[in-house]
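Chemist: Structural data only, the sequence is not supplied:
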């Protein structure tokens, strides 16, 4: 059967939205202009997916070649370079300059010179095909809004180091450094990574991120500065036991992670110099970011970036 399937992915599940049967020759005409190195006789099925409103274009060839690109790049339009995204330039304790690049939701990158650490890349949150390649890739857990192999494949090189939780490791066929709560890794001489347990503590929310699945948050040490990227979690004893956190990224959305009150509790326990709320959108119950900022006035510097 020729044509294209169109899918939408919601915050809870994948569901089939509909089907349209654009003739294969029309789709092929567009594809051929973009992908000239795949002979016409090799093309088998063309699928177009929509990932949270941002498409991923996939070609499955008869000899199992699989090429992925964004629909935006397929149909034209400016592709965003890493400098086109919101950034904060900061100085580590030892004087090292580093840049935080904010994409969307839980996806971000940290640049140190020409080296890059990517966290939870997902297509649609950034145009990973034109971004610098990853020196280090971190994945906190295997949910669709944190782990996307199409995005990671665009970032990885044979020299990239992958650090991920044990469930996500299966998606990489175990070709990664599997992190478990309490694990410590030094993937390169300028970066230390510590894994911190990430899970729900509220009795009626524990099914979202069970403790025994061993999802991870990470503490990154760059130039003596400690950056805590919490992953999907509520305040936990392991989180509250952390010391010397300079920068904290905490998720604030319900029912899956923290309430505003829980985020305030976590910030007061961590005492970071800078707090970035992240992962605070894409659910029915919108996070009251204004109240969060008010509650933490005089306690820490809250920097709100477009991380819905």
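Modeler: Everything's here; your move. As the structure is a computational prediction, the values presented were derived from the model and not from experiment. Numbers count the residues shown, from 1 in each chain.
Chemist: For residue 184, give me its contacts.
Modeler: Residues near residue 184 by CB atoms under 8 Å, 6 or more residues apart in numbering: 192, 193, 194, 195. C-betas here are computed from N, CA, C, even on glycine.
Chemist: That one and residue 107: what is the separation?
Modeler: Separation of residue 184 from residue 107 (CB to CB, to the nearest Å) stands at 24 Å.
Chemist: what does residue 193 give?
Modeler: 17 Å.
Chemist: Those two - which one has more neighbours?
Modeler: Shown here are residue 193 and residue 107; by other CB atoms under 10 Å, residue 107 has more neighbours (26 against 23).
Chemist: Go ahead and confirm the more buried one touches residue 121.
Modeler: Yes. Counting by CB atoms under 8 Å, residue 107 touches residue 121, with 5.5 Å between them.
Chemist: contacting residues for the closest residue to residue 96 other than its chain neighbours?
Modeler: In space, and not counting its chain neighbours, residue 96 is closest to residue 223: 3.3 Å by CB to CB, 6 or more residues apart in numbering. By CB under 8 Å, 6+ apart, the contact set of residue 223 is 92, 93, 94, 95, 96, 98, 112, 190.
Chemist: if you look at those, which of them are in strands?
Modeler: By the criterion of DSSP state E, membership of those in strands covers 98, 112.
Chemist: Show me just the buried residues among the contacts of residue 223.
Modeler: 92, 98, 112, 190 (16 or more other CB atoms under 10 Å).
Chemist: Quick one: those as CSV, columns for pLDDT and distance to residue 176 too.
Modeler: Output for the buried ones among the contacts of residue 223, formatted as CSV (pLDDT from 0 to 100; distance: CB to CB, whole Å):
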residue, pLDDT, distance to residue 176
92, 98, 26
98, 98, 24
112, 98, 21
190, 97, 20
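Chemist: Which one of the residues you listed is nearest to residue 205?
Modeler: Checking the buried ones among the contacts of residue 223 against residue 205 by CB to CB gives residue 98 as the nearest, at 33.7 Å.
Chemist: just to revisit the earlier point, nearest to residue 206 among the buried ones among the contacts of residue 223?
Modeler: Nearest member of the buried ones among the contacts of residue 223 to residue 206, counting by CB to CB, is residue 98, at 35.3 Å.
Chemist: excluding its backbone neighbours, what's nearest that closest one?
Modeler: residue 112 (4.8 Å).
Chemist: who's in contact with that neighbour?
Modeler: If you count contacts by CB under 8 Å, 6+ apart, residue 112 has them with 96, 97, 98, 99, 190, 191, 222, 223.
Chemist: what's across from it in the sheet?
Modeler: With DSSP bridges as the criterion, residue 112 is bridged to residue 115.
Chemist: how near is it to residue 185?
Modeler: Counting by CB to CB - residue 112 and residue 185 are separated by 16 Å.
Chemist: can you check residue 267 too?
Modeler: Using CB to CB, residue 267 is found at 26 Å from residue 185.
Chemist: One more: residue 172?
Modeler: Look at residue 172 and residue 185: by CB to CB, they are 15 Å apart.
Chemist: what stretches of this structure score poorly on pLDDT?
Modeler: Scanning the chain for pLDDT under 70 picks out the ranges 1-77, 282-284.
Chemist: Domains in it, by residue range?
Modeler: Using automatic domain parsing, the domain parsing of the chain gives 4-75, 82-302.
Chemist: Between residue 267 and residue 185, which is the more surrounded one?
Modeler: With neighbours defined as other CB under 10 Å, residue 267 and residue 185 compare such that residue 267 has more, 22 against 18.
Chemist: Helix, strand, or coil at that one?
Modeler: Three-state assignment for residue 267 (DSSP: H, G, I helix; E, B strand; the rest coil): helix.
Chemist: Count the neighbours of the residue nearest to it when sequence neighbours are not counted for me.
Modeler: Excluding its sequence neighbours, the residue lying closest to residue 267 (CB to CB, 6+ apart) is residue 275, at 5.2 Å. Using other CB under 10 Å, residue 275 has 27 other residues around it.
Chemist: With that, I have no additional questions.
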